[in-house]
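> I'd like to go over a predicted model; first the sequence, then the structure.
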Amino acid sequence: MTRHLLSGNQAVGEAVRLARAQVVAAYPITPQTTIVEHLAEAVGKGDLLADFITVESEHSAMAASVGASIAGARAFTATSSQGLALMHEMLHWASGQRTPVVMANVNRALAPPWNIWVDHSDSMAQRDTGWIQVYAETNQEVLDTILQVYRLAEDKRVMVPAMVMLDAFSLSHTYMPVDVPESDVIDRYLPPYSPPQKVLPETTQLFGSFSPPELCYMELRHDLEVAMHQARILLPQVEEEYTQLTGHPSFGAVDEYRTDDAEVVLMAMGSLAATARDAVDALRREGKKVGLARMRLFRPFPADAVRSLGERFHRIAVLDRAVSYGSGGPLAGEVRAALLGIADPPVLAAYIAGLGGREVTQEQIRSIFERLLSGNGLPSEEWVGLKVEG
Amino acid sequence: MVKLTLPEAELMDGGHVACQGCGAALAMRLFLKGTGPDTALVIPACCWAVIAGPMPTTCLRVPTVFSAFEATAAVASGLKAGLRRTGAPKTIVAGFAGDGGTADIGIQALSGAAERNEDMIYVCYDNEAYMNTGVQRSGATPPGTWTTTTPRGLEKSTPKKDMPGIMVAHKVPYVATLNPSFPEDFVAKVKKAASLPGLRYLHVLADCPTGWKHDPALMVEVGRLATMSHFFPLYEVENGRYRMTWEPGQPAPVAKYLKGQGRYSQLTDADIVKVQSDVDARWAALKKLTTPA
Ligand SMILES: Cc1ncc(C[n+]2csc(CCOP(=O)(O)OP(=O)(O)O)c2C)c(N)n1
Ligand SMILES: [Mg+2]
C-alpha cells in the first residue's frame, strides 16, 4: 500500500486500473473530464490493458459498456450531470440486461442555467433505473467503493450495475491523501469477471428480446428487485472482506458518527457530510449531544438502517442536495416513507441546501442542529441559504 | 439451368413471426448465409426486434443482443471490444437495424462508430418507413410516398436520405447496396464484407408488402423491379472506389415499379415523370462515379 495525494477523479482512475477493467467507453464532461484523461493515459501507457472506446456521446458510452459487459468483459464508464441525463434510457438497458457495469458519476447540477458545481439532482433523477447507488464522502472512499461495488455488482446473486457518486470539485478536484492498495491484494479481492451468461459464438442465445404481458416480463422485473435486495444484504460482507485485505475502514449503508448518546441526528450525503461532521465535533465540544447519519447507500434503499435511526432518535433532520420538484428533497421523502408505521415515530425536519454548488456553511448546519435540539419550528421543507429578494 | 451458388446451411429457421413476404426476413436469412455461424447480432427496436419471436424462442441460430432504437452501432462497438478482450476476437459483430434506426435516430451512434472505423458489419434493412410502429415516414422514405404521417395533403417533398453516400463520406473501407431479389449479388457482397476489417456498411432494400401495399406473393418481383428500373441500383464502394455490381441492359420504366405498390397510388402522372427524371439523374451521377476515368 502506498499513500498518494489524489484528486477524487484520480482516485477513480486508480480504482479502475486496480479493477483491471477491460473496456472503458467514456465521454468528457466537466468535472468528470480528468477521469477520462487519466484512463486514456493509463491505457496508452499499458498500465491498464483495456479497449478504450472514444465514443461520440454518453448515450453511446453506456450502450458500448452494456455491449462489452454482455461479451463478458469488465466495463467501466464515468460521467456527470447532462451526460448522466443523456444516458437515461441506456441505464435501464444496463440493469435490464443484468450487466454489472460500474460507473463513476461526478455529482453536478443540471442546466438551465448552466452550472458545473455540485448538486445531487443528476443521480437522484436516475434512482429508478435499477442501478446500485453509493455516495462517497472522501477520495479514499471513492477508490475503495469502486472496487467494492465491482465485487457486489458482479456477484452472481446480484448482477446489477452500480454507480459511485463523488461531489463535483469538493471531491473530484480536491486533493486528499489516499492509500492505494497493491494490485496483488486487489486481484485477490476482485478476481476476473466470470458472468453466468455471456455471448458465446456459434450458439443460440438471446439478450433482451421481447416479452408480452403473459410471458416473463414481470418476472424478470421481480428478479431485478430481488437482486437489489440481495445487494443490500451483501454490501456489509463485501465491505468487511475489503477491510480485512486492505485495513481501510468499512462504513456500511448508513455511516453513523457520534450517534451513541446523541439526542438528535442529521442525515446528509456526499461531501456535505464532512461539513456536518465538523459541526458535530464543534457542538459536542459545547456539550451538545448531536450526531450524524451519513447515507452512503441510496439504492437499494437501506430502509432497515433508517428505521433503526427512527427508533433511536426523536428528532431527525434530513439535508438534501437535490429536489424532486413538487415533492421536496428525495432523501427526505424516502426517509419519511421508511419511518412510517414505527411506534413513536420521530419528528422529521427536511432541508434543501447547496443546489448548484451554493456553499453550505458549518454555521448553517449548526443552526439546523440547534433548532433540532430545541424542537421548535421544525420545517417540513426549508431551503437553506436562499437569497430572499428584499 | 442455372446452378445457384448460395451456401446451403441455414442460420435462420422457419417459425419466425414476420409478415408474409417480408423482405427484412429474407435479408437476414441471406445475410447469415454470407457471414456464417460465428456471427453475433445486435438488433435495435424495429420489426426485427419482434420477428425472431418472443422470449425465450428465436429463429436465429446465432447469439443475438437486443438494444435501444438508437444504440445499435454503439452496442456493437462495445460487444466487439468485449469479445476481443474475452478470447473471441474472430466473431463477426453485426448490427442489423431498420432505416429509422439508421438514417434517423441511430445516425449519431453509427457516425461515431464509422469515424472510429469500428470492426463490425452494419446492415441497414431499408423498408423506407417506420414499419414496426405502423408505417410512419423516415428520413429514408422517398418523396411522394404514402405513409401514415405523409398522408394526402401532407406529402413528403424532400429526397430520400442518401445513407450509402453518407457512409462513403466517412471513408469506411466498404459500402454496398444489396437487394434480396438478387440473392447471389447479395451473398457475394456479404462475404466480401465479412473478409474485410473495419466498418462495413451494407444498405439493403427490404420490401414490406404491408407498408408498401401490394400482394406479399410479389415481394421478389417488386424488389427486382426496384433495381431493373434504376430506382435502387446495386453497387459497392471499396476504399472509395465505386463499382456497379449488376446492371439491367434495358431499364424498366420507373412507373412500372411505382404502379405495383399502393403506397404510390397518390402520385399523378406528372409526379411519376418527376420521379423518373430524378431516378435518371441519380443513375447518371452514379454511372460517373462507377466509370473509371
Ligand atoms: C427511443 C425510441 N423512440 C421510439 C421508439 C418506437 N419505435 C420502435 S421501432 C420504431 C420504428 C422503427 O423503424 P425502422 O428503424 O425503419 O425499422 P422497421 O420497423 O421499419 O423495421 C419506432 C419509432 C423506440 N422504441 N425508442
Ligand atoms: Mg423501416
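Ah, there it is. Numbering: from 1, shown residues only, chains lettered A, B, ... in the order given. Ligands and ions are numbered 1, 2, ... in the order given.
> any idea how far the residue in the stretch 101-250 of chain A that chain B sits nearest to lies from ligand 2?
Using CB to the nearest CB, the closest approach of the stretch 101-250 of chain A to chain B is made by A:Gly208 at 2.9 Å. In this view, the C-beta of every residue, glycine as well, is placed from N, C-alpha and C. A:Gly208 sits 19 Å away from ligand 2, going by CB to the ion, to the nearest Å.
> Next up, the contacts around that residue.
By CB atoms under 8 Å, 6 or more residues apart in numbering or on different chains, the contact set of A:Gly208 is A:Trp93, A:Gly96, A:Gln97, B:Val65, B:Phe66, B:Ser67.
> one more time with 6 Å, if that's ok
B:Phe66 (CB atoms under 6 Å, 6 or more residues apart in numbering or on different chains).
> what residues go with each domain of chain A?
A:2-246, A:254-383 (automatic domain parsing).
> How far does the longest one stretch from one end to the other?
Pointing back at domain A:2-246 there. 11 Å (CA to CA, to the nearest Å).
> Can you list the buried residues in stretch B:123-138?
B:123-132, B:135-138 (16 or more other CB atoms under 10 Å in any protein chain shown).
> chain center to it, what's the gap?
Offset of stretch B:123-138 from its chain centre (CA atoms, centre = their mean, to the nearest Å): 10 Å.
> So is that stretch next to ligand 1?
Yes: against ligand 1, stretch B:123-138 shows contacts by CB under 6 Å from any ligand atom at B:Asn127, B:Tyr130, B:Met131, B:Asn132, B:Thr133, B:Ser138.
> show me which of those residues neighbour ligand 2.
Filtering the residues of stretch B:123-138 next to ligand 1 for proximity to ligand 2 by CB under 5 Å from the ion leaves B:Asn127, B:Met131.
> for the chain, what spans make up the helices?
No chain was given, so I picked chain A. Counting by DSSP state H, chain A has helices at residues A:8-19, A:33-45, A:58-70, A:81-96, A:121-124, A:139-154, A:183-189, A:217-246, A:272-285, A:303-312, A:330-339, A:362-374.
> think we crossed wires, I meant chain B
B:23-35, B:48-51, B:72-85, B:99, B:107-115, B:163-169, B:183-195, B:209-212, B:219-228, B:254-259, B:269-290.
> Show me what counts as buried in the last one.
For helix B:269-290, burial by neighbour count (16+ other CB under 10 Å) applies to B:Ile272, B:Val275, B:Gln276, B:Asp278, B:Val279, B:Arg282, B:Trp283, B:Leu286, B:Thr290.
> Now do it: everything it contacts.
B:Gly144, B:His230, B:Phe231, B:Pro233, B:Tyr242, B:Arg243, B:Met244, B:Val254, B:Ala255.
> Kindly recompute the last result at 10 Å.
Residues from elsewhere that reach helix B:269-290 (CB atoms under 10 Å, 6 or more residues apart in numbering or on different chains): B:142-144, B:155, B:159-160, B:162, B:164-165, B:168, B:177, B:229-233, B:235-237, B:240-245, B:247, B:251, B:253-255, B:257-259, B:264, B:267-268.
> Distance from the chain centre to that helix, please.
Distance, centroid of helix B:269-290 to centroid of chain: 20 Å (CA atoms, centre = their mean).
> what mean pLDDT would you report for that helix?
The average pLDDT within helix B:269-290 is 97.
> repeat for stretch B:156-169
According to the model, stretch B:156-169 has a mean pLDDT of 98.
> Equivalent analysis for stretch A:336-353, please.
For stretch A:336-353, the mean pLDDT works out to 96.
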